[in-house]
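In: 3D, please:
(one chain, ligands or ions: 1)
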Amino acid sequence: MQKIKPNIYAVGAIDWDRRLFDQLIPLPDGTTYNAYLIKGSEKTVLLDTVDPTKTEVLIDNLVRTEVEKIDYIVAHHAEQDHSGSLPDILMLYPDAKVVTNPKCKSMLMDLLAISEDKFITVEDNQTLSLGDKTLQFIYIPWVHWPETMATYLAEDKILFPCDFFGSHLATSDLYADDLPLVYEAAKRYYAEIMMPFRTPIKNNLEKIKSLEIELIATSHGPIYNNPKFIIDAYTDWASDKVKNEVILPYVSMHGSTKKMVEYFVDTLMERHITVKQFDLASVDIGKLAMALVDAATIVLACPTVLACAHPLAAYAATLTNELRPKTKFVSIITSFGWASRAVEHLTSLMPNLKVEMIEPVVVKGHPKDNDFAALEKLADNILAKHKGIGIVD
Ligand code: FEO
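Out: Here you go, the predicted model:
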């Protein structure tokens, strides 16, 4: 438990050891499940709970604040890493009401079997007085579920935006003081969780623009005492701007694709195009997702397996399709023994991407001189496309 301001406490839990979220997302730095207690002169509110695995930590922290009663529990988001302890907290504080929006109420009833009489629903921008403090609820849909909302505590100029602006970073620091570390964790979080929702993010950034904010207290990672830092980062990431970069996820079985990848990386470097190569057999998909945030071009490279793209390349294509990066161009490098539909296969897996396909390089057997020439041509084409959109002089 840490005190943020008089009568405002961080009561959430640090999960130092968690290494996977949704059985998909790597958490190299663990995470936190932040919850906040605000004692008003008349009413006391708990903002969110924690992951059910950390309920005891939340309860211990609440005891340490010497809170006697909780009148309201604000549920910003129904996902269980923030709502999972709600049933236990409601048993401990049976007079507390869950304050949320109608959509989140419905999801909490479905997911956690909380009875309808426990809820108070609020509309967008509705306020709730705690006596000397006022909560304003702001709907921020699709960051990253449809029901998400934020709370603005006007008197203390604190925004509680739940997952929005979060970072999976287990740290004892209350505030985001180590900015390079937090930037990396926040960008990883954006890439893995928020990137598919760039348009709602832009709308939600606009929605909070007029608020006077001193602190952004998210549901994961440290509190931002320099809100401009993370708002500027999100504005940049969610923008349509791309960098002169090629992301090159690849897999190789017998060395042909690897040889082409190595040659292709050199050709891109000679043209002063930044290239980020990822071996799909051992990749941290969080790092791959981060690279996808800004890059102008993706080139997938793989051999053919049973006439299709190697399954690891198919996985990378599927993941990229789901993350919907703002990438402008895609190409494919593939090798085969006797027949291949790898290009058609990979293309069919990325229908969400609004990209232009640059002519792929398809190689039979070990790459030969004409194949390396084709890789040179692909690099020339990428450079021309990057010049065409104004990211290269
Ligand atoms: Fe941190 Fe979407 O839950």
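
In: Same question for the helix ranked longest in the chain: list its buried residues.
Out: Longest helix in the chain by number of residues (criterion: DSSP state H): helix 369-388. Going by neighbour count (16 or more other CB atoms under 10 Å), the buried part of helix 369-388 is D371, F372, A374, L375, E376, L378, A379, I382, L383, K385, H386. Quick note: C-beta positions are derived from backbone N, CA and C, even for glycine.

In: Could you tell me which residues make contact with the second one?
Out: Taking CB atoms under 8 Å, 6 or more residues apart in numbering as the criterion, F372 is in contact with M260, Y263.

In: any idea how far it lies from S331?
Out: Using CB to CB, to the nearest Å, F372 is found at 16 Å from S331.

In: Out of the buried residues of helix 369-388, which comes closest to V355?
Out: K385 (10.4 Å; CB to CB).

In: Once you drop chain neighbours, what's closest to the closest one?
Out: Of all residues not flanking K385 in the chain, F329 sits nearest, at 5.2 Å (CB to CB, 6 or more residues apart in numbering).

In: same deal with I114?
Out: Counting by CB to CB, 6+ apart, the residue nearest I114 is L108, at 5.1 Å.

In: The one you found: what's it in contact with?
Out: By CB under 8 Å, 6+ apart, the residues touching L108 are A75, A78, S83, L86, V98, T100, I114, F119.

In: ok, and which of the residues you listed reach the ligand?
Out: For the ligand, no contacts are drawn from these by CB under 6 Å from any ligand atom.

In: Mark which of the residues you listed are part of strands, please.
Out: Of the contacts of L108, the ones assigned to strands by DSSP state E are V98, T100, F119.

In: pretty sure V265 contacts I273?
Out: No: counting by CB atoms under 8 Å, V265 does not reach I273; the two are 9.8 Å apart.

In: ok and the residue in this structure nearest the ligand?
Out: Residue of the chain nearest the ligand, by CB to the nearest ligand atom: E79 (3.7 Å).

In: tell me the contacts of that residue?
Out: W145, D163 are the contacts of E79 under CB under 8 Å, 6+ apart.

In: Mind pulling up the pLDDT for it?
Out: Looking at E79, its pLDDT is 98.

In: L174 versus that one, what's the distance?
Out: 23 Å.

In: what does V246 give?
Out: Counting by CB to CB - V246 and L174 are separated by 39 Å.

In: Mind checking which of the two has more residues around it?
Out: V246 (28 against 14; other CB atoms under 10 Å).

In: Please list the residues of this protein that sit near the ligand.
Out: So far as CB under 6 Å from any ligand atom goes, the chain lies against the ligand at H77, E79, D81, H82, H144, D163, S219, H220.

In: neighbouring contacts of stretch 246-255?
Out: Contacts of stretch 246-255 (CB under 8 Å, 6+ apart): 257-258, 261, 264-265, 268, 273-281, 283, 288, 291-292, 295-303, 305, 310, 312-313, 316, 327, 333, 366, 382.

In: try 6 Å
Out: 257-258, 261, 268, 273, 275-278, 280-281, 291-292, 295, 297-303, 310, 312-313, 316 (CB atoms under 6 Å, 6 or more residues apart in numbering).

In: Which of those residues fall within strands?
Out: Reading strands off these with DSSP E, I get V275, K276, Q277, F278, A295, T297, I298, V299, L300, A301, C302, P303.

In: got a list of what the second one touches?
Out: Counting by CB under 6 Å, 6+ apart, K276 touches I247, A291.

In: now the strands: where do they sit in the stretch 1-150 of the chain?
Out: 2-5, 8-10, 13-15, 20-21, 25-26, 31-33, 36-39, 44-47, 72-74, 97-100, 119-121, 127-129, 134-139, 149-153 (DSSP state E, counting those that start in this stretch).

In: Highest mean neighbour count out of those strands?
Out: Of the strands of the stretch 1-150 of the chain, the one with the most neighbours on average (mean count of other CB atoms under 10 Å) is strand 31-33, at a mean of 27.

In: Name the strands paired with that one and say parallel or antiparallel.
Out: strand 13-15 (antiparallel) (DSSP bridges).

In: quick one: contacts of the partner strand?
Out: By CB under 6 Å, 6+ apart, the list of residues contacting strand 13-15 from outside reads G30, T31, T32, Y33, V50, K54, V57, A170.

In: can I get those residues in CSV with pLDDT and distance to E192?
Out: Listed next are the contacts of strand 13-15 as CSV, based on pLDDT from 0 to 100; distance: CB to CB, whole Å:
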residue, pLDDT, distance to E192
G30, 97, 15
T31, 98, 12
T32, 98, 16
Y33, 98, 17
V50, 98, 20
K54, 98, 21
V57, 98, 24
A170, 98, 16
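
In: Tell me the one of those nearest K241?
Out: T31 (28.7 Å).

In: From H77, how far out is the residue lying closest to the closest one once chain neighbours are set aside?
Out: Residue nearest to T31 in three dimensions, not counting chain neighbours: H168, with 4.1 Å by CB to CB, 6+ apart. With distances taken as CB to CB, H168 is found 15 Å from H77.

In: Count the residues that sit near A170.
Out: 18.

In: thought it was touching G30?
Out: Yes: counting by CB atoms under 6 Å, A170 does reach G30; the two are 3.0 Å apart.

In: where do the contact lists of these two overlap?
Out: With CB under 6 Å, 6+ apart, A170 and G30 have common neighbours W16.

In: Export stretch 350-364 to PDB, keeping only CA atoms.
Out: Extracted C-alpha coordinates of stretch 350-364, given in PDB (Å, rounded to 0.1, in the frame of the first residue of the first chain):
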ATOM      1  CA  MET A 350      -3.800 -10.900 -43.600                       C
ATOM      2  CA  PRO A 351      -7.200  -9.500 -44.800                       C
ATOM      3  CA  ASN A 352      -7.300  -6.800 -42.100                       C
ATOM      4  CA  LEU A 353      -4.100  -5.100 -43.300                       C
ATOM      5  CA  LYS A 354      -4.700  -2.100 -45.500                       C
ATOM      6  CA  VAL A 355      -1.400  -2.600 -47.400                       C
ATOM      7  CA  GLU A 356       0.000  -2.700 -50.800                       C
ATOM      8  CA  MET A 357       1.700  -6.000 -51.700                       C
ATOM      9  CA  ILE A 358       5.200  -5.600 -53.200                       C
ATOM     10  CA  GLU A 359       6.200  -8.300 -55.700                       C
ATOM     11  CA  PRO A 360       7.300 -11.400 -53.600                       C
ATOM     12  CA  VAL A 361      10.500 -13.300 -54.200                       C
ATOM     13  CA  VAL A 362       9.800 -17.100 -54.700                       C
ATOM     14  CA  VAL A 363      12.800 -19.300 -54.900                       C
ATOM     15  CA  LYS A 364      13.100 -23.000 -56.000                       C
END
